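# need a 3D model of the following:
(2 chains)
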Amino acid sequence: MARYNVPLFSRLYQLKQHLESLITQALEKLQEQQEITMVEKPFVHIERTRDTRHGDFACNIAMSLAKTAGCNPRQLASQIINHLPASDRIKNVAIAGPGFINFFLNDNIYQSIVTDILTQASGFGRSEHGQGQSILVEFVSANPTGPLHIGHGRGAAYGAVISNLLESAGYKVDREYYINDAGRQMDILAVSILLRYLELCGDPVPFPEKGYQGSYIVAIARDLYAEHGMKFHISLDGLVAQGWIDREPETQLDELIRYALDKLGTADFRTVLDSGLNQILAGIRKDLEEFGVTFDTWFSERSLSEGQGLQHYLAILKQHGHAYEDNGALWFRSSAFGDEKDRVLIRENGQPTYFASDITYHMSKFERGYTKAIDLWGADHHGYIARVKAAIQALGKTPDVLDILLVQFASLYRGKEKVQMSTRSGEFVTLEQLRAEVGKDAARFFYVMRRCEQHLEFDLELAKSQSNDNPVYYIQYAHARICSVLRQMREKGYAYNQEEAFANLGLLSEVHEQRLLATLARYPDIVQLSALSYEPHQIGYYLRELANDFHTYYNTHQFLVESGPLRNVRLSLSLATRQVIRNGLAILGVSAPEEM
RNA sequence: GCGCCUGUAGUUCAACUGGAUAGAACACCGGCCUUCGAAGCCGGGGGUUGCGGGUUCAAGUCCUGCCAGGCGCGCCA
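Numbering: from 1, shown residues only, chains lettered A, B, ... in the order given. Purely as a prediction, here's the structure:
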């Protein structure tokens, strides 16, 4: 996975910059006084500490310079500290461990984050990092041959959250679903429907093993029959007479497709096919909408074959010697771009491969003006990455304009027990069933709780449980609790006075308040980091931590106190917390209820 | 056989992208409701980061060799 050196523009970033410049100044002074000699300008790295005992920020410069400077790190650290310029933001500086320089900041340093959050509201955490650059995120793109299952659900949730994250980071994001409405799978769908339809016509034949077995096919056939009656009734006697029933599974389908096309004619065959396609697609769309996942474009594979795109790109590939003919087929020399072997573009029978239209499709993304494309694929497609990247390179793009994220499979558990699924018989748990059982919020949250390359174990019992076992409720509870405090406030006859709060931020001096403030201040960095590294789980973990800080604070201190300044300032901190929880949950597509 | 991914507490996972004593949750043990929601809080035990080498002041993180699991290796999509 791509890792990024992330420039940040938040309050924390400014603090880091400040400390960095202090260190640099100290080093320059040391060099002037010839206390140390440096060959080249050192890279000063400031990082947040994990442990509050180590202060707020730490610098490792003394350790990385010790060797070239020829002295021991702790001694060097002390020299650096002695030459640090004065700063009103620093309370204390200390040497620790093997030579870390630890910075302890003044208590008031984070207090104004409350003002930032409450004035920026839903905009808090957003940045302009992407500078409006446009990105196309393509995800789900499940074949429209049946309802979405729980594996697709993960891709849907993941893609939606990554899109939200990138928007928050200042990119212009479009979400796209690529509809594989062309090719053999569609034909198999058509004949599967046709056979069920013929059963309704009173003319049943054995159903092929590799046809689509799901009951939704029967439902589609029923609608077709209701609308068109016997219009598509054909006799399969001729096919059966040729010994069709005993053929190999794949040839069985091919013969059936050929026979049906011949008997029905392309127009009627297409009508049968489209009746299934449209119905299934409508179902998928509704399913995703109810899951809070929407797309800007639904891009049809068929529409590609109607244009000249493929011919255009094939011509370019040939022109540059990247395509050649062999055994009657047209091949792409992908091995020249790091793929294991060359790939067929046009089959011996003249039909383009799926890969060929995929090249056209991916190039269309850049033709449409996107500077970057992100694909989310099921992990079983990883062998396909090399050839697609090879293709866009051969067509003049750098490989990094396309990022492909592999989403590992999800397996379902009911407590300890694994829920068995078999795609072969068509008995898999659908996304719709999952949503019905655990609800949208839990499903969305659980799906993005793990890094995408991590296999997900989805525990239905846990997702359903309304207890502290369940991180979704834990975070939502913090939000509801804050809302409840405000209700209590009104009942007690108080009104929140923000002016008074902002004038008294200095009162936020308790340990728990300081901790909460520091956590809140991290939010913009977390958003940007998880956006640029495509790691939504960081938001979930962060929100859990934030909720924990709040619950702890809540349990230790009373907010609705008599003193106006203290009451209002504590309420402002609570409101700021509520705002950040809302913003974070919004990115995840999880609701923030006012009461539970 | 080759390629990609994964391996961290009993379990499910983090680890600020090379930093300090590897952290959470669940489970287990013990405390906290007359006070803004106990769907909460506080404390405790629990680890040879799959194994072995190497690079580095510093390795769960980088390199390398094994071991185990998953996925892929079509003129299917």
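# quick one: the helices in the stretch 401-550 of chain A, in order.
A:431-438, A:440-447, A:460-464, A:471-491, A:498-503, A:511-532, A:537-556 (DSSP state H, counting those that start in this stretch).
# tell me what the third one is packed against?
Counting contacts by 3 or more C-beta pairs under 8 Å, 6 or more residues apart in numbering; DSSP states H and E, helix A:460-464 packs against strand A:410-414, helix A:431-438, helix A:440-447. In short, each C-beta sits where N, CA and C put it, glycine included.
# starting at the chain centroid, how far to the shortest one?
The gap between the average C-alpha position of strand A:410-414 and the chain average comes to 20 Å, counting by C-alpha atoms, centre = their mean, to the nearest Å.
# show the average pLDDT along that strand.
The average pLDDT within strand A:410-414 is 83.
# list the beta-bridge partners for residue A:300.
Counting by DSSP bridges, residue A:300 is bridged to residue A:179.
# quick check, it in contact with residue A:181.
Yes - if you go by C-beta atoms under 8 Å, residue A:300 and residue A:181 touch, sitting 5.5 Å apart.
# of those two, give the one with the bigger neighbour count.
Under the neighbour definition other C-beta atoms under 10 Å, residue A:300 and residue A:181 were set side by side, and residue A:181 has more, 21 against 18.
# so what does the more buried one have for phi and psi?
Backbone torsions of residue A:181, given as degrees, to the nearest 10, read phi -100, psi 20.
# then residue A:50?
Note on residue A:50: backbone dihedrals following degrees, to the nearest 10 are phi -90, psi -30.
# with residue A:185 instead?
Dihedral pair for residue A:185: phi -60, psi -40, per degrees, to the nearest 10.
# from residue A:391, how far off is it?
Using C-beta to C-beta, to the nearest Å, residue A:185 is found at 22 Å from residue A:391.
# so between the two, which is more surrounded?
Applying other C-beta under 10 Å to residue A:185 and residue A:391 shows that residue A:391 carries more neighbours, namely 27 against 15.
# secondary structure element for the closest residue to the more buried one other than its chain neighbours?
Among residues not flanking residue A:391 along the chain, residue A:359 sits closest, at 4.5 Å (C-beta to C-beta, 6 or more residues apart in numbering). Secondary structure from DSSP states H and E places residue A:359 in helix A:354-367.
# following element in sequence after that helix, please.
Taking DSSP H and E as the definition, the helix or strand right after helix A:354-367 is strand A:372-378.
# send the alpha carbons of that next one over as PDB?
Below are the C-alpha coordinates for strand A:372-378, written out as PDB (Å, rounded to 0.1, in the frame of the first residue of the first chain):
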ATOM      1  CA  LYS A 372      -6.600  10.100 -10.300                       C
ATOM      2  CA  ALA A 373      -8.600   6.900 -10.300                       C
ATOM      3  CA  ILE A 374      -9.100   4.600  -7.300                       C
ATOM      4  CA  ASP A 375     -10.500   1.100  -7.800                       C
ATOM      5  CA  LEU A 376     -11.700  -1.100  -5.000                       C
ATOM      6  CA  TRP A 377     -11.700  -4.800  -6.000                       C
ATOM      7  CA  GLY A 378     -12.300  -8.000  -4.200                       C
END
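# that one pairs with which strands, and in what direction?
Here strand A:372-378 has these sheet partners by DSSP bridges: strand A:134-138 (parallel), strand A:402-407 (parallel).
# just want the angle from the last one to helix A:354-367.
Same thing as strand A:402-407. Counting by axes from the mean of the first three to the mean of the last three C-alpha atoms, to 10 degrees, strand A:402-407 lies at 120 degrees to helix A:354-367.
# neighbouring contacts of strand A:402-407?
A:1-2, A:154-155, A:158, A:162, A:362, A:372-379, A:381-382, A:385, A:388-389, A:392, A:452-453, A:534 (C-beta atoms under 8 Å, 6 or more residues apart in numbering).
# quick one: mean pLDDT for that strand?
What strand A:402-407 shows for mean pLDDT is 92.
# tell me how far that strand lies from the chain's centre.
Per C-alpha atoms, centre = their mean, the displacement of strand A:402-407 from the mean C-alpha position of its chain is 10 Å.
# how many neighbours does the closest residue to RNA strand B within the stretch 251-400 of chain A have?
Residue nearest to RNA strand B within the stretch 251-400 of chain A: residue A:383 (2.4 Å; C-beta to the nearest atom of the strand). Residues within reach of residue A:383, counting by other C-beta under 10 Å, total 9.
# so it, which of the three states?
Following DSSP: H, G, I helix; E, B strand; the rest coil, the label given to residue A:383 is helix.
# how close does it sit to residue A:340?
Residue A:383 sits 8 Å away from residue A:340, going by C-beta to C-beta.
# restrict stretch A:472-482 to CA atoms and write it as PDB.
Extracted in PDB, the C-alpha atoms of stretch A:472-482 (Å, rounded to 0.1, in the frame of the first residue of the first chain):
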ATOM      1  CA  VAL A 472     -20.800   1.800  17.600                       C
ATOM      2  CA  TYR A 473     -23.100   2.200  20.600                       C
ATOM      3  CA  TYR A 474     -20.200   3.300  22.700                       C
ATOM      4  CA  ILE A 475     -19.500   6.300  20.400                       C
ATOM      5  CA  GLN A 476     -23.100   7.100  19.700                       C
ATOM      6  CA  TYR A 477     -23.800   6.900  23.500                       C
ATOM      7  CA  ALA A 478     -21.200   9.700  24.100                       C
ATOM      8  CA  HIS A 479     -23.000  11.800  21.500                       C
ATOM      9  CA  ALA A 480     -26.500  11.100  23.000                       C
ATOM     10  CA  ARG A 481     -25.100  11.800  26.500                       C
ATOM     11  CA  ILE A 482     -24.000  15.300  25.500                       C
END
